[in-house]
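Asks: got a predicted structure here, sequence first:
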2 protein chains.
Amino acid sequence: MAVYTEVSDEELEAFVAGYDVGEVLSFKGIAEGVENSNYLLQTDHGQYILTLYEKRTKPEDLPFFLELMEHLAARGLACPTPLHGRDGRALRSLCGKPAAMVSFLNGMSARRLTLDHCAALGAAMAQMHLAGADFARSRPNDLSVAGWRPLFDAEKHRADQVKAGLADSIAAELDFLEANWPRQLPSGLIHADLFPDNVFFHGHDVSGIIDFYFACTDALTYDIAICLNAWCFETDGSFNATKARMMLNGYRKVRALSAEELAALPILARGAAMRFLLTRLYDWVNTPAGALVKRKDPLEYYRKLRFHQGISGPGAYGIE
Amino acid sequence: MAVYTEVSDEELEAFVAGYDVGEVLSFKGIAEGVENSNYLLQTDHGQYILTLYEKRTKPEDLPFFLELMEHLAARGLACPTPLHGRDGRALRSLCGKPAAMVSFLNGMSARRLTLDHCAALGAAMAQMHLAGADFARSRPNDLSVAGWRPLFDAEKHRADQVKAGLADSIAAELDFLEANWPRQLPSGLIHADLFPDNVFFHGHDVSGIIDFYFACTDALTYDIAICLNAWCFETDGSFNATKARMMLNGYRKVRALSAEELAALPILARGAAMRFLLTRLYDWVNTPAGALVKRKDPLEYYRKLRFHQGISGPGAYGIE
């Protein structure tokens, strides 16, 4: 939840005048997207999401993200479509920050995940992977295996404040991941942050995928591994293998997974757990106590990592 | 800005089924209203605001607020109109909290206040006072002069932590206000929290007044005194007498102000400044450092109080 930047009347008016969207009827900050400021703008033409990119999104990456959304939307994926201003540009500026306006998507993120949600997610993710196959740009995943060690080094002296022995556990796991990380898997455009917050449903059908601001080029199965972590654990920490199977089966109905891809899932899932463990740990130890941001528990992902470490193979994810 | 309560899919579905509003298309937490959780609900019938009443709104006061909004809307005032459920009730329950659904109002609160905004506010406030004249219920203003001393007593031992000498200044002012508070002014329904956040504009016209959760029965001119504080000071602390004159003239075109009412404005403005000084001071010293709420500077209202103490009479508010 976030609205970091207050937009004045004059600034909004001048910004909206740069688009062919009609007259403003209402403008409300919405509790969506942790990283940026998001507003719901209603005009007599329709509804739009106006995003101001705050410090965590690198300005030089924004053309990639905006062009990607446009590319995916043009291929029929339900995702926000950037609007172009009267000058043709999709990336503009508001309150001294990069800003863009995108189409509004109906639907709601699922707050209680069901098997049907997981199946629909799997299919939508595979459709996204296929739709991204001919996207011309690429962007390295700076939060993959090569990025974890520097992230850990910056915080390891404080990791044991969160849990005794955590620094050693992470160091050992990083050794393992660095030595064994699969590098020959089919690669392409991945979302890389496909958490339940970023998927809208209408009933049990996916009505939209949002928040492409971590999208990058990496193993397609790494997206699946992130979703195994983000969608298939219950709130009590238990792993729901049926949800995993539903998600994987939903995916495979749209895009086949090779034997190599299936075999790599456990280590990819360990890596995905490590990625969120490390960024949450970083935020945990670096967020001032008075900040207007709710810190997320890094140990949730430590426990998920421990689960993936303990399984005997991809069969634990419900693969027949 | 606030969304305190997370509503699950099932809870929302069950709640919405209690109304004749069609099928849910989207549901977003909005950064509006400091005291309660607000959601923008879109259905195939239209747009609504769903409010969950958090701890600061007393449940026993809710029928007053909801009936008042319904009364004012029926008299043509642009304000949220509560929806009645299929069972006829406007006040319902969601996630174990009192909840209501109201109509959505177009327009935006003014972020930079102009003279035109102040004139329009004055007229809209007077229309609200006239529309409330025949509202049958009443509710005492527990944040008026009788309520200030207990509020101060609870925090006076910490007031000097905010500013040296503050406790003594407040105590002396309370003595003055208690001894001189006018009690015979025309009374009726007042909003009692008519800050710029709570007034929507379309261009320079008022398109709606929201957030009636402090509304009560008190001197009508006390509402004006609150607005003198909330609308007529510049961000540098200076008082803009032209804004005050525009607001008062806008008001008087709709509802005449008697000589007694005009004469009472300075003390009412001191009282209004005291009310927000005390509640902000209370929040300031009682809000834990890690809370997800931005504390507002109590000294802003101390400086406003000092301004009103220093004027020679209501002429300082631009009254000819």
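Replies: On my side now, so go ahead.

Asks: gap between stretch A:151-165 and the chain center?
Replies: 24 Å (Cα atoms, centre = their mean, to the nearest Å).

Asks: OK, contacts around A:H45?
Replies: A:20-22 (Cβ atoms under 8 Å, 6 or more residues apart in numbering or on different chains). Glycine gets a C-beta too; all of them are placed from N, C-alpha and C.

Asks: among these, which one lies nearest to chain B?
Replies: Nearest to chain B among those: A:G22, at 12.8 Å, using Cβ to the nearest Cβ.

Asks: how about the closest one, nearest residue that isn't a chain neighbour?
Replies: A:H45 (3.8 Å; Cβ to Cβ, 6 or more residues apart in numbering or on different chains).

Asks: re earlier: among the contacts of A:H45, who's most crowded?
Replies: Among the contacts of A:H45, the one with the most neighbours (other Cβ atoms under 10 Å in any protein chain shown) is A:V21, at 19 neighbours.

Asks: next up, the contacts around that one.
Replies: Each residue near A:V21 by Cβ under 8 Å, 6+ apart is listed here: A:41, A:43, A:45-46, A:48, A:83, A:101.

Asks: now with 6 Å, please.
Replies: A:43, A:45 (Cβ atoms under 6 Å, 6 or more residues apart in numbering or on different chains).

Asks: check the secondary structure at it for me.
Replies: Under DSSP: H, G, I helix; E, B strand; the rest coil, the three-state class of A:V21 is coil.

Asks: the one 5 residues further on now?
Replies: For A:S26, the secondary-structure state derived from three-state DSSP is strand.

Asks: out of everything not next to it in sequence, what's closest to it?
Replies: Spatial nearest neighbour of A:S26, excluding adjacent residues (Cβ to Cβ, 6+ apart): A:Q42 at 4.6 Å.

Asks: go on, A:E11?
Replies: Here the residue nearest A:E11, using Cβ to Cβ, 6+ apart, is A:C95, at 5.7 Å.

Asks: let's have the contacts of A:H45 in a markdown table, adding pLDDT.
Replies: Below are the contacts of A:H45 laid out as a markdown table (pLDDT from 0 to 100):
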| residue | pLDDT |
| --- | --- |
| A:D20 | 95 |
| A:V21 | 95 |
| A:G22 | 94 |
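
Asks: ok, A:N249 - how many residues close by?
Replies: Neighbours of A:N249 (other Cβ under 10 Å): 16.

Asks: from chain B, how far out is it?
Replies: 23 Å (Cβ to the nearest Cβ, to the nearest Å).

Asks: for that residue, what is the enclosing helix or strand?
Replies: helix A:241-254 (DSSP states H and E).

Asks: quick one: contacts of that helix?
Replies: By Cβ under 6 Å, 6+ apart, helix A:241-254 touches A:115, A:118-119, A:121-123, A:125-127, A:228, A:232, A:317-318.

Asks: quick check: mean pLDDT of that helix?
Replies: Average pLDDT, helix A:241-254: 97.

Asks: surely A:A171 forms part of a strand?
Replies: No. The assignment for A:A171 (three-state DSSP) gives helix, which keeps it out of a strand.

Asks: show me what contacts the most centrally placed residue in chain A?
Replies: For chain A, the residue nearest the mean C-alpha position is A:D193 (1.6 Å; Cα atoms, centre = their mean). Counting by Cβ under 6 Å, 6+ apart, A:D193 makes contact with A:F214.

Asks: tell me the spacing between it and B:T43.
Replies: The gap separating A:D193 from B:T43 is 29 Å, by Cβ to Cβ, to the nearest Å.

Asks: got the residues of the stretch 1-150 of chain A near chain B?
Replies: A:3, A:8-9, A:25-31, A:106, A:108, A:111-112 (Cβ under 6 Å from any Cβ of the partner chain).

Asks: which of those count as buried?
Replies: Using 16 or more other Cβ atoms under 10 Å in any protein chain shown as the burial test, the residues of the stretch 1-150 of chain A next to chain B include A:3, A:9, A:25-31, A:108 as buried.

Asks: could you pull out the buried residues of stretch A:240-258?
Replies: A:240, A:243-252, A:255, A:257.

Asks: mind listing what A:D9 touches?
Replies: Residues counted as contacts of A:D9 (Cβ under 6 Å, 6+ apart) are B:111-112.

Asks: go again using 7 Å as the cut-off
Replies: The contact partners of A:D9, by Cβ atoms under 7 Å, 6 or more residues apart in numbering or on different chains, come to B:110-112.

Asks: would you list those residues in TSV and tack on distance to chain A?
Replies: What follows is the contacts of A:D9, written out as TSV (distance: Cβ to the nearest Cβ, whole Å):
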residue	distance to chain A
B:A110	6
B:R111	5
B:R112	5
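
Asks: give me the lowest-pLDDT entry from those residues.
Replies: Scoring those by pLDDT puts B:R111 last, at 84.

Asks: is it possible to export the contacts of A:H45 to JSON lines including distance to B:V199?
Replies: Output for the contacts of A:H45, formatted as JSON lines (distance: Cβ to Cβ, whole Å):
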{"residue": "A:D20", "distance to B:V199": "29"}
{"residue": "A:V21", "distance to B:V199": "25"}
{"residue": "A:G22", "distance to B:V199": "23"}
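
Asks: so what's A:F200 closest to, chain neighbours aside?
Replies: Looking at A:F200 with Cβ to Cβ, 6+ apart, the closest residue is A:G107, at 3.1 Å.

Asks: I'd say the residue nearest to A:S26 and A:L25 touch.
Replies: Yes. Contact criterion Cβ atoms under 7 Å: A:Q42 and A:L25 qualify, at 4.6 Å.

Asks: which residues of chain A score low on pLDDT?
Replies: Scanning chain A for pLDDT under 70 picks out A:1-4, A:33-34, A:288-294.

Asks: how about the helices in it?
Replies: Ranges of helices in chain A, per DSSP state H, are A:9-16, A:62-74, A:115-131, A:145-162, A:166-180, A:220-231, A:241-254, A:259-286, A:298-310.

Asks: the fourth one vs helix A:298-310, what angle?
Replies: I take that to be helix A:145-162. Using axes from the mean of the first three to the mean of the last three Cα atoms, to 10 degrees, the inter-axis angle of helix A:145-162 relative to helix A:298-310 is 120 degrees.

Asks: next one: the first one
Replies: With the same axes, to 10 degrees as the basis, helix A:9-16 and helix A:298-310 are set at 40 degrees to each other.

Asks: tilt between helix A:9-16 and helix B:115-131?
Replies: Using the same axes, to 10 degrees: helix A:9-16 against helix B:115-131 is 110 degrees.

Asks: return helix A:9-16 as CSV; C-alpha atoms alone will do.
Replies: Provided in CSV are the C-alpha atoms of helix A:9-16 (Å, rounded to 0.1, in the frame of the first residue of the first chain):
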residue,chain,number,x,y,z
ASP,A,9,-4.4,20.2,-8.9
GLU,A,10,-2.2,22.2,-11.3
GLU,A,11,0.3,19.4,-11.9
LEU,A,12,-2.5,16.9,-12.5
GLU,A,13,-4.3,19.2,-14.9
ALA,A,14,-1.1,19.9,-16.9
PHE,A,15,-0.2,16.2,-17.0
VAL,A,16,-3.7,15.0,-18.1
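
Asks: so how far is that helix off the chain centroid?
Replies: Using Cα atoms, centre = their mean, the offset of helix A:9-16 from its chain centre is 30 Å.

Asks: swap in the longest one?
Replies: For helix A:259-286, the gap between its own C-alpha mean and the chain's C-alpha mean amounts to 13 Å (Cα atoms, centre = their mean).
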